[in-house]
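Chemist: starting from these lines, generate the structure:
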Amino acid sequence: MEDKSEPLIRKRVYHESCEACTIEKFKESSNGIPFKLFSFVWIITLAAALPISSLFPFLYFMIKDFHIAKREEDISFYAGYVGSAFMLGRALTSLLWGKVADKYGRRPIIMIGTLTVVVFNTLFGLSVNFWMAISTRFLLGSLCGILGPMRAYASEICREEHQALGMSVVGTSWGIGLVIGPAVGGFLAQPAEKYPHIFSAESLFGRFPYFLPCLVISLFALVAFIISYWLPETLHVHTEENIARDTTEASLEDNSYESTRTHKTEVSELKFSTPHRSLLRNWPLMSAIMVYCIFQLHDMAYSEIFSLWAVSPRKLGGLSFTTADVGEVLSISGFGMLLFQLFLYTWVERKFGSVTVSRIGAVFSIPLLTSYPFIAKLSGSILFLVLNCASMVKNILSIAITTGLLVIQNRAVPPEQRGAANGISMSAMSLFKAIGPAAGGSLLSWAQSRQENDFLPGVHLVFFTLNIVELVGLVMTFRPFLALP
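Modeler: Numbers count the residues shown, from 1 in each chain. Purely as a prediction, here's the structure:
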């Protein structure tokens, strides 16, 4: 009888000239964690995250210096649009960057993104009017498509059992960037006023009071750009000729049933010929993205509102903080969040699961935010102590929510679709994040004009609205809406 069995192989086929094959070979032969690559991922992600919220502590004063707001209550309104420009630009291009990363590789997109931060974040610090500030922020968001490919990259350089750690590295770095960024902006903005013995009013930093924090972040992004050159590519690019040759060389070495299964798997992986369902029809992915977007809308609005509320005068329900005060609070919050991610998150995620961690974070965030208007009634060292504790806990809860949802998204698609999947996630998330600062700034501006109302006066309305958004996100984490992969 004619033998119709398929060719058999004993081991996987790797291309020596393919960096992605080298990564796969390491993952197969070692159970270890790629700490070096994770450290590169952490630095590059941090460089992309720092400029997003670094402007929040000084944005109120920057808008005031532009003399575009006619009333003090209107400053938050204009500040919201500058804060939204970055996210609007990213919403329009994230899907495109994801598709380009799936076709040409992760590394080129990462290098373009870090170089974009160097150029346009520097120009933002040199802004002389409202429209220049909006334009540079929009271009920064449009051309920096790092986060989506970075998520895919972090999941591809490690074994499946370490993917939660990989997503945690990205989530931690991103979250810390969103916290340390304002700290850098807070401490380094207006240096001629804070440090007159170092920077004179006639110097470059005196004439452009918001240039120094942007320059420091741009220099860090330059370091990340150099590091990104040495990142190994994780996207396989194999010609049909190489596939056929390697398949022939590897065949007929073993007659076991397991070898037959391995052969089928490898040829399928090399040719990428297995059809995949449309990402838009992948409900586990799309539901996770939608829930993620709701929480990101909340987090971005909160970040904008917190800084503007903290520097607002007491008569408007604020704390009358300086940019340095805001920077100090956010620095302490970032340090606490870093400790949580490094030492506690992985254990918590393994014990309770990604979805449960996200739900717990949402549940505890609601009463915490309710307390913020009452914190504003405190003063002195008690105010600093309570506010630092509240801010730290809030940021820890936020990063726990988003990291869990990121893990679900990446597990819902095969590796060769992760770039596009994260592009969809980034586009949708950026759209919601673009709404967050504009809506948050407008809401705060309106709330500050209604201090005497009986129902939810002043900033009570602001934090009540944030809690409504958080509650919607919490409800969406349950069935039948959220489907686990």
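Chemist: what residue is smack in the middle of this structure?
Modeler: For the chain, W174 is the residue whose C-alpha lies nearest the centre (CA atoms, centre = their mean; 4.4 Å).
Chemist: residue contacts, it?
Modeler: Taking CB atoms under 8 Å, 6 or more residues apart in numbering, we find W174 in contact with 45-46, 48-49, 147. For glycine as for every other residue, the C-beta is placed from the backbone atoms N, C-alpha and C.
Chemist: and the helices in the stretch 201-350 of the chain, which stretches?
Modeler: For the stretch 201-350 of the chain, the helices defined by DSSP state H, counting those that start in this stretch cover 204-207, 211-228, 240-250, 257-271, 283-311, 323-343, 345-352.
Chemist: quick revisit: which of the contacts of W174 scores worst on pLDDT?
Modeler: pLDDT across those is lowest for L147, at 81.
Chemist: who touches it in this structure?
Modeler: 45, 48, 94, 170, 174, 422, 426.
Chemist: so which of those residues is the closest to G185?
Modeler: The closest of the contacts of L147 to G185 turns out to be A48 (CB to CB; 15.9 Å).
Chemist: F455 belongs to a helix?
Modeler: No. Read with DSSP: H, G, I helix; E, B strand; the rest coil, F455 is coil and lies in no helix.
Chemist: ramachandran angles for it?
Modeler: phi -100, psi 120 (degrees, to the nearest 10).
Chemist: ok so, going back, possible to save the contacts of W174 as CSV with secondary structure?
Modeler: Shown next, in CSV, are the contacts of W174 (three-state DSSP):
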residue, secondary structure
T45, helix
L46, helix
A48, helix
A49, helix
L147, helix
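Chemist: quick one: which of those residues is most hemmed in?
Modeler: Most neighbours among the contacts of W174, by other CB atoms under 10 Å: T45, with 27 neighbours.
Chemist: how many neighbouring residues does the closest residue to it other than its chain neighbours have?
Modeler: Spatial nearest neighbour of T45, chain neighbours left out: S173 (3.9 Å); criterion: CB to CB, 6 or more residues apart in numbering. Close neighbours of S173, defined as other CB under 10 Å, add up to 27.
Chemist: so S173 is in which element?
Modeler: helix 163-188 (DSSP states H and E).
Chemist: on that earlier part again, now the contacts of W174 as a markdown table including distance to V459?
Modeler: Below are the contacts of W174 laid out as a markdown table (distance: CB to CB, whole Å):
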| residue | distance to V459 |
| --- | --- |
| T45 | 32 |
| L46 | 31 |
| A48 | 31 |
| A49 | 27 |
| L147 | 31 |
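Chemist: out of the residues you listed, who's nearest F120?
Modeler: A48 (12.2 Å).
Chemist: which one is the closest one nearest to, not counting chain neighbours?
Modeler: Among residues not flanking A48 along the chain, I146 sits closest, at 4.2 Å (CB to CB, 6+ apart).
Chemist: per-residue pLDDT, the one you found?
Modeler: 85.
Chemist: what sits against it?
Modeler: Contacts for I146 (CB under 8 Å, 6+ apart) come out as 44-45, 48, 109-110, 113-114.
Chemist: how far away is it from I110?
Modeler: 6 Å (CB to CB, to the nearest Å).
Chemist: and I180, by the same measure?
Modeler: Distance from I180 to I110, by CB to CB: 20 Å.
Chemist: over to E156?
Modeler: Distance from E156 to I110, by CB to CB: 13 Å.
Chemist: those two: who's more crowded?
Modeler: In terms of neighbours (other CB under 10 Å), I110 is the more surrounded of E156 and I110; the figures are 28 against 23.
Chemist: quick one: what helix or strand has that one in it?
Modeler: helix 106-125.
Chemist: after that helix, which helix or strand is next?
Modeler: Counting by DSSP H and E, what follows helix 106-125 is helix 130-143.
Chemist: now do that following helix: which elements does it pack against?
Modeler: The contact analysis (3 or more CB pairs under 8 Å, 6 or more residues apart in numbering; DSSP states H and E) places helix 130-143 against helix 56-66, helix 75-104, helix 106-125.
Chemist: would you turn those helices into TSV with distance to L471 and mean pLDDT?
Modeler: As requested, the helices and strands packed on helix 130-143 are exported to TSV (distance: least, CB to CB, whole Å; pLDDT from 0 to 100):
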stretch	distance to L471	mean pLDDT
helix 56-66	25	90
helix 75-104	23	87
helix 106-125	34	94
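Chemist: who wins for proximity to I332 among those?
Modeler: helix 56-66 (14.0 Å).
Chemist: who's in contact with the closest one?
Modeler: Contacts for helix 56-66 (CB under 8 Å, 6+ apart): 55, 69, 75-76, 78-79, 82-83, 127, 129-130, 133, 181-183, 185-186, 189-190, 209-210, 213, 303-304, 306-308, 311-312, 323, 326-327, 330.
Chemist: filter these down to the buried ones.
Modeler: 55, 69, 75-76, 78-79, 82-83, 127, 130, 133, 181-183, 185-186, 189-190, 209-210, 213, 303-304, 306-308, 311-312, 323, 326-327, 330 (16 or more other CB atoms under 10 Å).
Chemist: off-centre distance for stretch 374-390?
Modeler: 28 Å (CA atoms, centre = their mean, to the nearest Å).
Chemist: show the average pLDDT along that stretch.
Modeler: 94.
Chemist: list the buried ones in that stretch?
Modeler: In stretch 374-390, counting by 16+ other CB under 10 Å, buried: 376, 384, 387-388, 390.
Chemist: low-confidence ranges, the chain, go.
Modeler: 1-23, 25-26, 29, 238-277, 416, 419 (pLDDT under 70).
Chemist: one more pass at 50, please.
Modeler: 1, 6, 8-10, 241, 248-250, 252-275 (pLDDT under 50).
Chemist: related to what we said a few turns ago, common neighbours of I146 and I110, please.
Modeler: With CB under 8 Å, 6+ apart, I146 and I110 have common neighbours I44.
Chemist: show me how far the one helix or strand V475 maps to is from its chain's centre.
Modeler: Counting by DSSP H and E, the element that carries V475 is helix 459-476. Helix 459-476 has its C-alpha centroid displaced from the chain centroid by 21 Å (CA atoms, centre = their mean).
Chemist: ok and that helix relative to helix 283-311, angle-wise?
Modeler: Here helix 459-476 runs at an angle of 170 degrees relative to helix 283-311 (axes from the mean of the first three to the mean of the last three CA atoms, to 10 degrees).
Chemist: other SSEs contacting helix 459-476?
Modeler: helix 283-311, helix 354-370, helix 372-375, helix 418-448.
Chemist: now L456, nearest residue through space, not along the chain?
Modeler: Nearest to L456 is F464, by CB to CB, 6+ apart, at 5.5 Å.
Chemist: can you get me a residue count around the one you found?
Modeler: Residues near F464, counting by other CB under 10 Å: 15.
Chemist: so who does M87 touch?
Modeler: Applying CB under 8 Å, 6+ apart to M87 gives the contacts 141, 300, 430-431, 433-434, 436-437.
Chemist: could you rerun that using 7 Å?
Modeler: 141, 430, 433-434 (CB atoms under 7 Å, 6 or more residues apart in numbering).
Chemist: out of those, what pair is the most spread apart?
Modeler: Among the contacts of M87, G141 and K433 lie farthest apart (CB to CB), at 9.4 Å.
Chemist: what helices or strands is the helix or strand that K36 is a member of leaning on?
Modeler: Element membership of K36, judged by DSSP H and E, is helix 35-53. Here helix 35-53 touches helix 106-125, helix 147-156, helix 163-188, helix 211-228, going by 3 or more CB pairs under 7 Å, 6 or more residues apart in numbering; DSSP states H and E.
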